[in-house]
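Colleague: after the sequence you'll find the predicted model.
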Amino acid sequence: MTALAKSQIQNPGFQTTGDVAVDTGREPLQMGWYEFAAGFCQGRTALDVGCGMGEGLALLKRAASRATGIDLDPRLANESVKTLRIEDVPSKSVDIVVCIDVIEHVEEDIKFAEELMRVARQDVFISTPNWTVSKCKWPYHIREYMPHELQSILGRYGKLEVFKGSIDGAIHYPVNFPGAYALLNRLRVNPVTGFLARVFNRLLPMSARIQAAQFIRVRIP
């Protein structure tokens, strides 16, 4: 197991999804990322971790040979969704693990990432907001990540393919130079270089600019 179980909590007063009604904090805002992930699932088995209300799982099911979901909230259980902890899923039991905008809700995020990798035979897909843009202001998020932080957590498990885009994933771009993109984000939040970085970012073509969401494909060795 990894030595650390979690990154620093940024929002100590975070709220739990589903705290008021079953759909509270579970709005289907990431359907573009689900559609993007589904493109890699053709003919393969997939597990949607933290599937919520199941709108994204429905997209995966159209592409995968078999797609199921797990969530911790028993109110979400149905024939396709099990109330199950990721720790209880057998190792190497599916080809692809999809985890769309979930890791920012998990207290022990590093341990959680390790469990995702344990379950997948081939690929893990993770999306999450970019802290550079959103600064962890959503009340249901425990923490958010800058690109270099997320790449550091996931890079130990396999080869990374990095993408960025809008929060919903309807617009997305490959990040061909992850190190340079991570540096631009760090310059953007630095008090000394922030203004110049903002100006430089606006001069870039849209495909090269800092985006609100990040999406990483981890190719399991």
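Modeller: Thanks, I have the structure now.
Colleague: hmm, residue 216 and residue 154 touching each other?
Modeller: Yes - taking contacts as Cβ atoms under 8 Å, residue 154 lies within contact range of residue 216: 5.6 Å. Using the backbone N, CA and C atoms, a C-beta is placed for each residue, glycine as well.
Colleague: so what sits against both of the two?
Modeller: With contacts taken as Cβ atoms under 8 Å, 6 or more residues apart in numbering, the residues that reach both residue 154 and residue 216 are 126, 160.
Colleague: helix or strand for the residue nearest the centre of the chain, which one?
Modeller: When the chain is reduced to its mean C-alpha position, the nearest residue by Cα atoms, centre = their mean turns out to be residue 127, at 2.3 Å. Taking DSSP states H and E as the criterion, residue 127 maps to strand 120-129.
Colleague: strands paired with that strand, and their directions?
Modeller: When pairs are called by DSSP bridges, strand 120-129 turns out to pair with strand 94-100 (parallel), strand 213-219 (antiparallel).
Colleague: show me which positions of the first one end up buried.
Modeller: If I follow you right, that is strand 94-100. When burial is assessed from 16 or more other Cβ atoms under 10 Å, strand 94-100 yields the following buried residues: 94, 95, 96, 97, 98, 99, 100.
Colleague: same check, this time on the last one
Modeller: For strand 213-219, the buried set under the neighbour-count rule, 16+ other Cβ under 10 Å, comprises 213, 214, 215, 216, 217, 218.
Colleague: ok, which stretches of the protein are helices?
Modeller: Using DSSP state H, the helices of the chain run over 31-38, 55-63, 109-119, 131-134, 147-154, 178-189, 194-203.
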